[in-house]
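In: Sequence plus the predicted model coming up.
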Amino acid sequence: MPVLYSAKCGQNAVLKRPKTGDTLCKECFYWAFELEIHSTITNGNLFKKGDVVAIAASGGKDSTVLAQVLKTLNERYNYELKLVLLSIDEGITGYRDDSLKTVLENKDEYQMPLKILSYQQLYGWSMDKIVAEVGRKNNCTFCGVFRRQALDRGAMLLNVDCIATGHNADDIAETVLMNILRGDVARLQRCVNIITITEGTIPRCKPLKYTYEKEIVMYAYFKKLNYFSTECIFAPNAYRGYARTFLKDLERLKPSSIMDIIHSGETMCIKENVKLPDIGVCTKCGFVSSQDICKACILLEGLNRGLPKLGIGKSSKANKALAALPNPRLLHF
Amino acid sequence: MCSVNEEGAEVFEVLKPIEPLELKCRKCLIEDGNVVLQKKFVYCKTCFVPMVTHKFRATVGKSKLVNRGERVLVCVSGSQSSVSLLHMIWTGLQQSTYKRLTFEPVVLYIDESVLHDYPLDQVKKIKELFEKYGLTYHIVKFSAAVYLDNCLNKDTNVDQYNDKLQNIFNNLSDLTLKEDMLMKLRKRAITKLADLLKCTRIMTAENEHKLSIRLLSNVALGRGSQISLDIGLAVNNKNNNNTSLVTIRPMRNLSAKEISYYALFNKLDDFMHSNFLTATSEDESIQKTTERFVNDLQVDFPSTVSTIFRTGEKISEKTSAIAYCLLCQGIMEVNVSPSSAMEATKYSKYVSLMGVKALKLSLKELKNEETNEKNCNGCKCRNKQDLKEKIIESLCYACTHIIQELESLDDLPEEILNKEKERLQFKKMEEQIKDFLL
Ligand SMILES: [Zn+2]
Ligand SMILES: [Zn+2]
């Protein structure tokens, strides 16, 4: 029996939107999906005409869909953007080397320039080597901290105006929960911003901020987009896993939960008397940091000195340890 | 995408292997321990009770929240927390002069037996308890408190209001919304009674654990902006312009465990106190899912509850807010930025309703088209729909979810409906004279 179709375009519905529960045909779903992202981009003033935009491309579903949609919208609505792909090679055998193949295919398919930067090039350490040194307990800390700077460095090399990342609504809702669980109100406030502008770095934006993960999968599925779907072999830590499961439970009960949590994040206010860290620059590498020495430099220094635990835990402790070391040498990139 | 991405390092306190416990109380070092807190601190009974009482007194005494002789409405639900609160207050009133509590408590029990199955003699037992303490007290039926202005008058027949109240909840099939609505109506009832009883302070007995779960459920329900209202130590009810009414939560620095030992050592009986989630499974409502999540996490990461709680301490209400929700009296979102979850949600509904047509039509035209379709000439359903849409304009994000589920608004308390009429009237007036206002 044909399913009733809510947009009344005359065709039979083939899917139920995970976000709204509406039944749609394939074409109308594409329209809805793309128009929503278009509206997110225009309402949030994410781009200016003539901008060079680096798409942080991991080969995963989010960035693959992001590249496809940005290309489509750029042509359809004359954004006049120059889109480039920027990939970070963390050096994880069996994960990143495979996913980079997908990025290479995307490059050909979308005809966008691609820049790949590796941790090895940037820091002298691949994730494989780091894991060999620190074990599997804190490796995600290294990876996350290094990736943040790697994207900035790559974007500077490419001389772009902004970086677009593939964070979707689920990622953001999850981050809101995580920041509450770890009591980090500064990040709690920052994580819902659609554009993050920090002085001295290239602005980052999240065009998929209001797009549900399930719909991204659906879009990729119907469009037969080629993406790499394996989880990182160093699976995310247990704590984040709890938050993710919790979010999925909430979504199952009430699909609007994801948006409700983002709404909460957007409307929460920090008390005036709460001290937030000042943002300055790292005295060693010159990149943005809330400490004298940035986390990346501390972690790297630890690795290079055979003290990989340095920087895991309280930063003040690490700073002291760093200061106590004789003649800290400057890092060059 | 690896979700560790932007956030970088995560460091959590993981449960340390249990060290062998001391046998003696850490305070007096003489008595054998009776209680273990946080898996390491051992107390004897004699030292434990004053320690808990001290925490309570420190919270109440903080920044002179209550003035001498001030009338304070003490809400007792029957829970262990609430009977302990009552006991602590009573004990405080008996103490020697310089330590004595100096406010004037008015104890309140709201009888919700119309919604939940309670033992028939529950009210009688509560009454006996209150009599034993010899404090001023009131026992009020929930429906009377929700619907009636003279709810303190015990002789009023409340049958029809019982029906109305039951109707509201029967209309809400979703457990999450049911419970959310119950919380909001309870709050309304308490606020109203405080006013009637000329109390300027309200004390409720939520403990740290309960408040952390409430914080997280509030976030999940889209009530993030109302967190400080719902869990704060002292919250001024700004919606009430005549008097200042402050809600105080003096048990908020106590853990559930501390309270249950306090009740045990003082031989305090608690009473059945239900809500719509009592005896439901954990995966039927957002509130219970949240509770399970927090409890599970607490087992592996013992600082979970206190961290969530401390996050809540750092969150405040938007000071720029000017509008308050008609139903929950919480802060309302006004002048929402077009780049927000609220607008994005509206747009989602619009595009999936319109499909390709969304390109051609604007949102306004869509509304017209919608109303044309809904218009079934002459019958009343159109008006009802209108009223609902109007009322929704004066509701906060989360309360909108509740009201949308309600088929009929007839059973809502009159004051909500009246306030809405007043607002519309005022809006009309404004419209008429707007060109002449400078
Ligand atoms: Zn640095
Ligand atoms: Zn409300």
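Out: That came through, no problem. Numbers count the residues shown, from 1 in each chain, chains lettered A, B, ... in the order given. Ligands and ions are numbered 1, 2, ... in the order given.
In: When you work out contacts or count neighbours from here on, use the C-alpha atoms and nothing else.
Out: Noted.
In: Could you tell me which residues of chain A lie near ligand 1?
Out: Proximity of chain A to ligand 1 (Cα under 5 Å from the ion) is limited to residues A:282, A:285, A:294, A:297.
In: For the chain, which segments count as strands?
Out: Since you didn't name a chain, this refers to chain A. A:15-16, A:23-24, A:52-56, A:82-89, A:114-118, A:162-164, A:195-196, A:204-205, A:269-270, A:280-281, A:288-289 (DSSP state E).
In: meant chain B actually
Out: Using DSSP E, strands in chain B cover B:35-37, B:41-43, B:71-75, B:104-111, B:136-141, B:201-203, B:234-236, B:246-248, B:315-316.
In: Quick one: those strands as CSV, columns for distance to ligand 2 too.
Out: Output for the strands of chain B, formatted as CSV (distance: least, Cα to the ion, whole Å):
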stretch, distance to ligand 2
strand B:35-37, 38
strand B:41-43, 42
strand B:71-75, 22
strand B:104-111, 22
strand B:136-141, 23
strand B:201-203, 20
strand B:234-236, 16
strand B:246-248, 18
strand B:315-316, 17
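In: Quick one, which of those strands gets closest to residue B:431.
Out: Nearest of those to residue B:431, taken as Cα to Cα: strand B:234-236 at 32.5 Å.
In: Now do the residue in the stretch 1-150 of chain A that ligand 1 sits nearest to: how many residues are near it, please.
Out: The nearest approach of the stretch 1-150 of chain A to ligand 1 comes at residue A:149, 9.1 Å away (Cα to the ion). Residue A:149 has 17 neighbours, counted by other Cα atoms under 10 Å in any protein chain shown.
In: what do you get for residue B:27?
Out: There are 16 residues near residue B:27, going by other Cα under 10 Å.
In: quick one: contacts for it?
Out: By Cα atoms under 8 Å, 6 or more residues apart in numbering or on different chains, the contact list for residue B:27 reads B:43, B:47.
In: Compute the distance between residue B:329 and ligand 1, please.
Out: Separation of residue B:329 from ligand 1 (Cα to the ion, to the nearest Å): 48 Å.
In: just residue B:53 next, same as before
Out: Distance, residue B:53 to ligand 1, using Cα to the ion: 49 Å.
In: shaky segments in the stretch 1-150 of chain A?
Out: A:1-8 (pLDDT under 70).
In: go again using 90 as the cut-off
Out: Applying pLDDT under 90 to the stretch 1-150 of chain A flags residues A:1-17, A:20-28, A:31, A:57-60, A:88-111, A:117, A:119, A:121-150.
In: Chain B contacts on that one?
Out: Within the stretch 1-150 of chain A, the positions near chain B by Cα under 8 Å from any Cα of the partner chain are A:6-9, A:20, A:22, A:24, A:28-29, A:31-32, A:35-36, A:40, A:43-44, A:58, A:60-63, A:140-145, A:147-148.
In: In JSON lines, list the strands of chain A along with mean neighbour count.
Out: Converted to JSON lines, the strands of chain A look like this (neighbours: other Cα atoms under 10 Å in any protein chain shown):
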{"stretch": "strand A:15-16", "mean neighbour count": "16"}
{"stretch": "strand A:23-24", "mean neighbour count": "24"}
{"stretch": "strand A:52-56", "mean neighbour count": "25"}
{"stretch": "strand A:82-89", "mean neighbour count": "23"}
{"stretch": "strand A:114-118", "mean neighbour count": "18"}
{"stretch": "strand A:162-164", "mean neighbour count": "25"}
{"stretch": "strand A:195-196", "mean neighbour count": "18"}
{"stretch": "strand A:204-205", "mean neighbour count": "24"}
{"stretch": "strand A:269-270", "mean neighbour count": "22"}
{"stretch": "strand A:280-281", "mean neighbour count": "18"}
{"stretch": "strand A:288-289", "mean neighbour count": "19"}
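In: Reformat the ones you listed as JSON lines; add distance to residue B:345.
Out: As requested, these are arranged in JSON lines below (distance: least, Cα to Cα, whole Å):
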{"stretch": "strand A:15-16", "distance to residue B:345": "16"}
{"stretch": "strand A:23-24", "distance to residue B:345": "16"}
{"stretch": "strand A:52-56", "distance to residue B:345": "25"}
{"stretch": "strand A:82-89", "distance to residue B:345": "28"}
{"stretch": "strand A:114-118", "distance to residue B:345": "34"}
{"stretch": "strand A:162-164", "distance to residue B:345": "22"}
{"stretch": "strand A:195-196", "distance to residue B:345": "19"}
{"stretch": "strand A:204-205", "distance to residue B:345": "19"}
{"stretch": "strand A:269-270", "distance to residue B:345": "21"}
{"stretch": "strand A:280-281", "distance to residue B:345": "36"}
{"stretch": "strand A:288-289", "distance to residue B:345": "34"}
